[in-house]
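>>> Build the 3D model from these lines:
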Amino acid sequence: MLYERWRTVARDCAGETALRDLATKRRWTFAQLAAGTESARPPRDTGRLACPTGNGADFIFTVLRAWRFGQVICPLDKGAPPVLSQPSVENIALLKTTSATTGAARHVAFTAAQLAADPENIVATMGLRRDSPNLGVISLAHSYGFSNLVLPLLLHGIPLVLASAALPEALRRAAATGGNWTLPAVPALWRAWHEAGAIPTNLRLAISAGAPLPLPLEQAVFARSGLKLHNFLGASECGGIAYDATDTPRSDASLAGTALQNVALSHGDDGCLVVRGASVGETYWPEPDPRLAGGIFRTSDLVELRDDGVFLRGRASDLINVAGRKVVPETIEQALLTHPAVRECLVLSLPSDDAARGDDVAAVVATREEISIEQLRQFLHTRLPDWQIPREWRLVESLTANARGKLSRAEWRTEFRA
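The predicted structure follows:
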């Protein structure tokens, strides 16, 4: 199914540029990509997984060869250990590695139809177009990059230009090659580019996903350049979930957007988001889980659905229990981010020395200018009840996101304990 669809795309767009790799200064038309795949020799063992890695053109060719020879694909970060065994689930075309934000990493198995449904929804909802190539700076192996860059190229003919790096100067050089671009990135990159004054002026569409998009950043980018950063919510288990298609910055940081086309959203009995649709994965592998089955993914995201909007209220697993009262970390983070000196922050729970209290609230804060912890405490006292004010603080130069653009509460909790 996937390879036949690719052949149709390659035939329809034969003479058009499909892929450019700025690091190697090479380019391929759709016809040349197809010819390079057709001339490839079959692997010695077609039963083994195909594991595309890196962020270059070889990743694309590995995917196409796997489709041609019927191999299951498992994209991997560079240096990640290979997955040696085939999934026992029938008709599986892809294994995605989850981001492991709240637990150990595992894989999600997708059929060809499920795999094709996600870019179908993304292209239709975001309005991706062949005259606005995707500029690739995020990992092709992650769910976000695979669905927003690789699959739109191979299944919808959306050209892809692979930047040599994500550094501000590399972005300037890439965008200067001409045309109007679609640029999917993560908040940490948008922040770095904004602060360096490197966001290109010839962006038709700017997308932010992988982590919550801070409202002050979205507003600052819009104020400086008139560029709207479109917040995008997705998950490895189901692909795209919600997208903010509006033309101006949000006024509520908890608003993720509205449901993607062909994606149905509801509440579970636990108040968490439930996703239904053709793009939902088949199962977890190697151990199945009832939260992902039968075209339904039951998330751990606490959510409010109203006026067609998806409002995130934190993760059930991140709830902080302070003497029997519960608060989601995002409530405190959003209050902290309204202080002009606060650049980034992360709030988490720590076990309290007082067993009756339950948890203590801790905050890691990166600031733009010198400010004391006491000043931050006093600022929060005007916005939050006393019991939500963090007891433990750490001021840092920056909060480093992981390779997937996420901040890990678990990692910072380990830092505090150390």
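>>> Tell me how far residue 216 lies from residue 398.
Distance, residue 216 to residue 398, by Cβ to Cβ, to the nearest Å: 16 Å. Any C-beta I mention is one placed from the backbone N, CA and C, and that applies to glycine too.
>>> more crowded one of these two?
Here residue 216 and residue 398 are compared on neighbour count by other Cβ atoms under 10 Å; more neighbours surround residue 216, at 17 against 12.
>>> how about that one, secondary structure?
helix (DSSP: H, G, I helix; E, B strand; the rest coil).
>>> From residue 383, how far out is the nearest residue to it once chain neighbours are set aside?
Nearest non-adjacent residue to residue 216, counting by Cβ to Cβ, 6 or more residues apart in numbering: residue 337, 5.8 Å away. Using Cβ to Cβ, residue 337 is found at 11 Å from residue 383.
>>> More neighbours: these two, which one.
residue 337 (18 against 15).
>>> Kindly provide the distance from the more buried one to residue 221.
According to Cβ to Cβ, residue 337 stands 15 Å off from residue 221.
>>> Check residue 42 too.
Distance of residue 42 to residue 221, given as Cβ to Cβ: 48 Å.
>>> now residue 273
As judged by Cβ to Cβ, residue 273 and residue 221 stand 27 Å apart.
>>> correct me, but residue 235 touches residue 299?
Yes. Between residue 235 and residue 299 there is a contact at 6.6 Å, judged by Cβ atoms under 8 Å.
>>> between these two, which one's more packed in?
Neighbour totals were compared for residue 235 and residue 299, and residue 235 leads with 23 against 20 (other Cβ under 10 Å).
>>> partner residues bridging the more buried one?
Judged by DSSP bridges, the bridge partners of residue 235 are residue 239.
>>> what residues are up against it?
Listed by Cβ atoms under 8 Å, 6 or more residues apart in numbering, the contact partners of residue 235 are 143, 241, 275, 297, 299.
>>> Looking at those, spot the one nearest residue 164.
residue 143 (23.2 Å; Cβ to Cβ).
>>> Between residue 42 and residue 221, point out the one with more neighbours.
Taking other Cβ under 10 Å, residue 42 and residue 221 do not tie; residue 221 has more neighbours (22 against 11).
>>> give me every residue that touches the more buried one.
190, 194, 199, 206, 227, 229.
>>> can you tell me the helix or strand for it?
Per DSSP states H and E: residue 221 is located in helix 215-225.
>>> Can you give me the buried ones in stretch 289-298?
Buried residues in stretch 289-298, counted by 16 or more other Cβ atoms under 10 Å: 292, 295-298.
>>> Can you tell me how far residue 284 is from residue 107?
Taking Cβ to Cβ, one finds residue 284 at 7 Å from residue 107.
>>> now residue 291
Shown here: residue 291 relative to residue 107, a distance of 15 Å by Cβ to Cβ.
>>> Which residue is the nearest non-sequential neighbour of residue 94?
Computed as Cβ to Cβ, 6+ apart, the closest residue to residue 94 that is not its neighbour in sequence is residue 110, at 4.4 Å.
>>> Counting by contacts, list what the helix or strand harbouring that neighbour packs against.
Of the helices and strands defined by DSSP H and E, residue 110 is found in strand 107-111. Applying 3 or more Cβ pairs under 8 Å, 6 or more residues apart in numbering; DSSP states H and E, one finds that strand 107-111 makes contact with strand 92-97, strand 283-285.
>>> tell me which residues of the helix or strand just after it are tucked away?
Per DSSP H and E, strand 107-111 leads on to helix 112-126 as the next helix or strand towards the C-terminus. Buried residues in helix 112-126, counted by 16+ other Cβ under 10 Å: 112, 114-123, 125-126.
>>> Now do helix 112-126: which elements does it pack against?
Right, helix 112-126 is packed against helix 2-12, strand 92-97, helix 151-156, strand 239-243 by 3+ Cβ pairs under 8 Å, 6+ apart.
>>> what's in contact with the longest one?
Taking contacts as Cβ under 8 Å, 6+ apart, the residues outside helix 2-12 that touch it are 18, 30-31, 33-34, 64, 67-68, 93, 112, 115-116, 154-157.
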